[in-house]
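[1] A structural model of the following input is requested.
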Amino acid sequence: MNIMWCSSRPALICLKRQLPQCTPPQPGSLILPAFRINFRTVSTMSEKMQHDTILYGGGVSSCSWRVRAAMAIKNIEYKHVILSTKAPDEATLKKLQEINPLRQIPALYIDGNTLTQSVAIMEYLEETRPEPAIYPKHPLNRAQVRQVVELINSGIQPLQNPTVAQRYSSDEAKQKEWQVYWIEKGLTALEKILEKTSGKYCVGDEVTAADCALAPQIFAARRFGADINKFPLAVGIYNNLLEVEAFRQSHPFNQADAPDDKRGQIV
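    Okay, the predicted model is just below:
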């Protein structure tokens, strides 16, 4: 069945099934009633039809880097739309509200749907595009990957978030103290887990979703002033990951919004 835009009525779509070698509808052709489409919907459809996959995110956003890394590992092409959540203008706020009621990033438009929450996105990518895998097949190893992901996703990252620290105190020194406390508390626990699970990477010697979570966390820990030298296993894995092309490609300083003095620096 063909989709035809009626030039005389641009806000309508007409559907018809054409018979071979027949231009106008012939007796027996199926003609369905036209239905209305809101102009705003048409505009949104047009934007998304041009790009099958769109990642709305930010360079230094830890959750955004998780998704970028997973997509790079799986060789998924996408358009990257940078949205700044720090003092966003009215247009950015409108877009954030449109893609995520929490006004947070990342959000991924893929397969005709918009998904939010980085862990849910990584799991969707794994289930719909299983190779290369980022979750092991063995149940224990798979659980260990999820263990690391969730420790970071729920036990560290939300508490270090500047919006949370600013809610805690208006004093910048106290905000930093809050962030460093929770980062180092979480990484102390993570270091104990890595003693049992790690090889070259978080779980054994294959890159997994756990590494997609760890790399952004170590980067953020240093950015917020934590002493990462206390965590040699985690830092060693991070350094190993920086040798992996997917993590170099998805690194914050390789994104369009990277500071000019940091651009291209993989640290």
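
[2] Run through the strands of the stretch 51-200 of the chain in chain order.
    54-57, 79-82, 107-110, 113-116 (DSSP state E, counting those that start in this stretch).

[3] who wins for proximity to Leu233 among those?
    With CB to CB as the criterion, Leu233 lies closest to strand 54-57 of the strands of the stretch 51-200 of the chain, at 28.0 Å. All C-beta spots, glycine's among them, are computed from the backbone N, C-alpha and C.

[4] Centre of the chain to that closest one, how far?
    7 Å (CA atoms, centre = their mean, to the nearest Å).

[5] want to throw the strands of the stretch 51-200 of the chain into a markdown table with distance to Ala213 and mean pLDDT?
    Output for the strands of the stretch 51-200 of the chain, formatted as a markdown table (distance: least, CB to CB, whole Å; pLDDT from 0 to 100):
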| stretch | distance to Ala213 | mean pLDDT |
| --- | --- | --- |
| strand 54-57 | 15 | 96 |
| strand 79-82 | 20 | 94 |
| strand 107-110 | 16 | 97 |
| strand 113-116 | 17 | 96 |
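
[6] Reformat the ones you listed as JSON lines; add distance to Ala189 and mean neighbour count.
    Output for the strands of the stretch 51-200 of the chain, formatted as JSON lines (distance: least, CB to CB, whole Å; neighbours: other CB atoms under 10 Å):
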{"stretch": "strand 54-57", "distance to Ala189": "27", "mean neighbour count": "22"}
{"stretch": "strand 79-82", "distance to Ala189": "32", "mean neighbour count": "17"}
{"stretch": "strand 107-110", "distance to Ala189": "29", "mean neighbour count": "24"}
{"stretch": "strand 113-116", "distance to Ala189": "27", "mean neighbour count": "14"}
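
[7] Dump these to a markdown table, plus distance to Ile134.
    Putting those into a markdown table (distance: least, CB to CB, whole Å) gives the following:
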| stretch | distance to Ile134 |
| --- | --- |
| strand 54-57 | 16 |
| strand 79-82 | 19 |
| strand 107-110 | 15 |
| strand 113-116 | 16 |
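
[8] Of all the helices and strands in the protein, which has the lowest average confidence?
    Sorted by mean pLDDT, DSSP states H and E, the helices and strands of the chain end with strand 2-5, the least confident at a mean of 29.

[9] I'd like the distance between the spatially most central residue of the chain and Leu159.
    By CA atoms, centre = their mean, the chain has its centre lying nearest to Val67, at 3.3 Å. Applying CB to CB, to the nearest Å, the value for Val67 to Leu159 is 20 Å.

[10] Regarding the protein, what is its longest helix?
    helix 172-197 (DSSP state H).

[11] mind checking how far the helix or strand following that one is from the chain centre?
    Downstream of helix 172-197, the next assigned helix or strand under DSSP states H and E is helix 209-223. In terms of CA atoms, centre = their mean, the centre of helix 209-223 is set 14 Å apart from its chain centre.

[12] I'd like to check the angle between helix 209-223 and helix 172-197, please.
    Interaxial angle, helix 209-223 versus helix 172-197 (axes from the mean of the first three to the mean of the last three CA atoms, to 10 degrees): 150 degrees.

[13] Which elements pack onto helix 209-223?
    helix 62-73, helix 118-128, helix 139-155, helix 157-160, helix 172-197, helix 232-241 (3 or more CB pairs under 8 Å, 6 or more residues apart in numbering; DSSP states H and E).

[14] Deepest-packed of the ones you listed, please.
    The highest average neighbour count among those, using mean count of other CB atoms under 10 Å, belongs to helix 62-73 at a mean of 26.

[15] counting contacts, what elements does that helix pack onto?
    Identification of packing neighbours for helix 62-73 by 3+ CB pairs under 8 Å, 6+ apart yields strand 54-57, helix 118-128, helix 209-223, helix 245-250.

[16] Contacts only, for the closest residue to Arg248 other than its chain neighbours.
    Excluding its sequence neighbours, the residue lying closest to Arg248 (CB to CB, 6 or more residues apart in numbering) is Ile266, at 5.4 Å. Counting by CB atoms under 8 Å, 6 or more residues apart in numbering, Ile266 touches 242, 248, 251, 253-254.

[17] Can you lay out the residues you listed as a markdown table showing pLDDT, distance to Pro139 and neighbour count?
    Listed next are the contacts of Ile266 as a markdown table, based on pLDDT from 0 to 100; distance: CB to CB, whole Å; neighbours: other CB atoms under 10 Å:
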| residue | pLDDT | distance to Pro139 | neighbour count |
| --- | --- | --- | --- |
| Leu242 | 98 | 30 | 15 |
| Arg248 | 97 | 31 | 15 |
| His251 | 97 | 32 | 24 |
| Phe253 | 96 | 37 | 18 |
| Asn254 | 95 | 35 | 17 |
